[in-house]
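Peer 1: Next come a sequence and a model predicted from it.
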Amino acid sequence: MTAAPDARRTLIVLNVVNGAGDGLLVPTLVLFFVGRVGLGGGSVAFGLSLAGVAAALLLTPLARLAERIGLRTAMALGYLVQAVAVGAFVLVTNWWTFMLLLAVSNSAAAATMPVRQALISAYVGPEQRVRVSAMNRAAFNASFAVGAVAAGLVVTVGTDVAYRALILGDALSFLLAAAVTMTLPVVARKPAVSRIRWRILTEDRSLTYVAGLIGVLFLYGDIIAVGLPLLAVGDDAMPTWVIPAAFLLNTAMTVALQVRLSRGGDDVRSASRIGARAGGLFLLGSALVGVAVWGSSWPVLVIVFAGVVTLTLGELWASTATWGLAYGLSPTGRADQIGLFSLGGILMRTVAPSLVAVSVLNLGYFGWLLMGLVMGVAGLLLIPAARAAEGRVRRYAPAATTGAGVEG
């Protein structure tokens, strides 16, 4: 399959474009709608949650539609939809318009995730899928950091024009991403899964169980994004410079280590064990970061940063486990099957900020231990859950044809 190396490079370019665009928008989205448009902070947070629910509900239908019209075309269309929706953010004057555009944008973004994984599955063999996914994530994070730095510089200007320029910059990045997508080799459409097999693959409790456990592991994202900033609020809080420093450390480790730590997660059994390892690191990392509730002395800050390092290592292994399980338990490589394993993470993103806030603000150090324990248990349960799901898939699903079906 001579097209695969070029396709891999194109996918990396695509993630660089996506990362830079998201880096422009994500750090400034709430600031723009609250500070410039005049929406309430609570209503914006509620809108983000509702948009996440919409994305979860539409993920599988959109992924099935992508298989019907062709993966490459579907992903390009997804980027075009995001370009229009995000670009229209600058016209928002009320919550309902904000909610509609955000739901459209988030749903299109969620639908492109399994399509991208299905394309990787088509372009490379089983032994390379997880590694290529890791390379793409590292590229995304590196360019996201560049975009975020640029956003930070522009936000210091503080004008409406500056904010709108960042939003339109992200919209333009989606247009560029659509153009890059259309340079990928065409992937032959896979035959539809029979209704009986589809019901088994989507309704079987063992697969649902695995997807749910993966979703629980995704709680780690808001440990740093929400929990850590909350520790910088109060009379005896951490200094605020800790927050950007923690994000920078997290990003640098992801870029440097994600590909290396993706090794060994190419089959279901290995991926589940890596998931269990990630859960253990999340437990330890939460326990370390949580010591910040006792003050802001230098020894405490050293322990907090040790916790950030530990959480990031867990994040890298959790990503590896997620890719390995999604590919291994979706043997046909269809986007609609792979998408099942994104649902848990999408739903967790809608509730995780509130869960983390309640734990940190009301339960103190015990809240941090509780969050870590939940993720640790979820990681351990992945091993038997993945074993059971693999047995069901082997029994009912057709053999994989990974690496075939690339045309042109």
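Peer 2: Looks like it arrived, so ask away.
Peer 1: and L381, how far is that from G78?
Peer 2: Distance of L381 to G78, given as C-beta to C-beta, to the nearest Å: 33 Å. No exception for glycine: its C-beta is placed from N, CA and C like everyone else's.
Peer 1: Just want to know which of these two has more residues nearby.
Peer 2: G78 (25 against 19; other C-beta atoms under 10 Å).
Peer 1: any idea how far that one is from A246?
Peer 2: 31 Å.
Peer 1: With S107 instead?
Peer 2: S107 is 30 Å from A246, by C-beta to C-beta.
Peer 1: residue contacts, G38?
Peer 2: G38 sits next to no residue when contact means C-beta atoms under 8 Å, 6 or more residues apart in numbering.
Peer 1: Helix, strand, or coil at it?
Peer 2: Secondary structure, DSSP: H, G, I helix; E, B strand; the rest coil: G38 is coil.
Peer 1: what's the spacing between the closest residue to V216 other than its chain neighbours and G275?
Peer 2: Nearest non-adjacent residue to V216, counting by C-beta to C-beta, 6 or more residues apart in numbering: A378, 3.8 Å away. From A378 across to G275, the span is 8 Å (C-beta to C-beta).
Peer 1: Who has more neighbours out of the two?
Peer 2: Taking neighbours as other C-beta under 10 Å, A378 and G275 compare with G275 leading, 31 against 25.
Peer 1: mind checking which helix or strand the more buried one is in?
Peer 2: helix 268-289 (DSSP states H and E).
Peer 1: Could you list every helix and strand in contact with the helix or strand just after that helix?
Peer 2: Sequence order places helix 298-328 as the next helix or strand after helix 268-289, per DSSP H and E. Helices and strands touching helix 298-328, by 3 or more C-beta pairs under 8 Å, 6 or more residues apart in numbering; DSSP states H and E, are helix 95-123, helix 129-155, helix 205-217, helix 220-222, helix 242-257, helix 268-289, helix 343-396.
Peer 1: Output the helix or strand just after helix 298-328 in CSV with nothing but the alpha carbons.
Peer 2: Sequence-wise, the next helix or strand downstream of helix 298-328 (DSSP H and E) is helix 335-338. What follows is helix 335-338, C-alpha atoms only, in CSV (Å, rounded to 0.1, in the frame of the first residue of the first chain):
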residue,chain,number,x,y,z
ALA,A,335,-16.0,4.7,11.8
ASP,A,336,-19.4,4.0,13.4
GLN,A,337,-18.0,1.1,15.4
ILE,A,338,-14.8,3.0,16.5
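Peer 1: tell me the contacts of V377?
Peer 2: By C-beta under 8 Å, 6+ apart, the neighbours of V377 are G279.
Peer 1: Renumber starting at 39 from here on
Peer 2: Let's use 39 as the start, then, which means that last one is V415.
Peer 1: For A423, see how far away it is.
Peer 2: Distance from V415 to A423, by C-beta to C-beta: 12 Å.
Peer 1: rewinding a little: so what's the residue nearest to V254 up against?
Peer 2: 251, 254-255, 317.
Peer 1: what's the answer for G383, then?
Peer 2: G383 neighbours (C-beta under 8 Å, 6+ apart): 252-253, 256, 360.
Peer 1: quick one: secondary structure of T131?
Peer 2: T131 ends up coil, using three-state DSSP.
Peer 1: residues near the closest residue to it other than its chain neighbours, how many?
Peer 2: Leaving aside its sequence neighbours, T131 sits nearest to V75 (C-beta to C-beta, 6+ apart; 7.0 Å). Close neighbours of V75, defined as other C-beta under 10 Å, add up to 18.
Peer 1: Verify the stated contact: V75 with L139.
Peer 2: No: counting by C-beta atoms under 8 Å, V75 does not reach L139; the two are 11.7 Å apart.
Peer 1: Low-confidence stretches in the protein?
Peer 2: For the chain, applying pLDDT under 70 flags the ranges 39-43, 227-242, 271-274, 370, 433-446.
Peer 1: that older thread, next, format the contacts of G383 as JSON lines and append neighbour count and distance to D208.
Peer 2: Output for these, formatted as JSON lines (neighbours: other C-beta atoms under 10 Å; distance: C-beta to C-beta, whole Å):
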{"residue": "I252", "neighbour count": "26", "distance to D208": "28"}
{"residue": "G253", "neighbour count": "23", "distance to D208": "26"}
{"residue": "F256", "neighbour count": "22", "distance to D208": "23"}
{"residue": "T360", "neighbour count": "28", "distance to D208": "25"}
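Peer 1: Closest one of those residues to N174?
Peer 2: T360 (13.2 Å; C-beta to C-beta).
Peer 1: distance of the closest residue to the closest one other than its chain neighbours from G417?
Peer 2: Excluding the flanking residues, the one nearest T360 by C-beta to C-beta, 6+ apart is I252, at 5.5 Å. Separation of I252 from G417 (C-beta to C-beta): 10 Å.
Peer 1: before we move on, back to that, what's the closest of the contacts of A416 to L214?
Peer 2: L255 (32.1 Å).
Peer 1: And for that closest one, nearest residue in space, chain neighbours not counted?
Peer 2: A356 (4.8 Å).
Peer 1: And I281, by the same measure?
Peer 2: P267 (5.4 Å).
Peer 1: The one you found: which element?
Peer 2: helix 266-268.
Peer 1: Quick one: list the elements packing against that helix.
Peer 2: For helix 266-268, the elements it packs on are helix 280-295, helix 381-434, judged by 3+ C-beta pairs under 8 Å, 6+ apart.
Peer 1: winner for burial among those?
Peer 2: Across these, averaging neighbours per residue (mean count of other C-beta atoms under 10 Å) puts helix 381-434 on top, at a mean of 19.
Peer 1: quick one: that one to chain centroid distance?
Peer 2: 15 Å (C-alpha atoms, centre = their mean, to the nearest Å).
Peer 1: Okay, angle between that helix and helix 133-161 too, please.
Peer 2: 30 degrees (axes from the mean of the first three to the mean of the last three C-alpha atoms, to 10 degrees).
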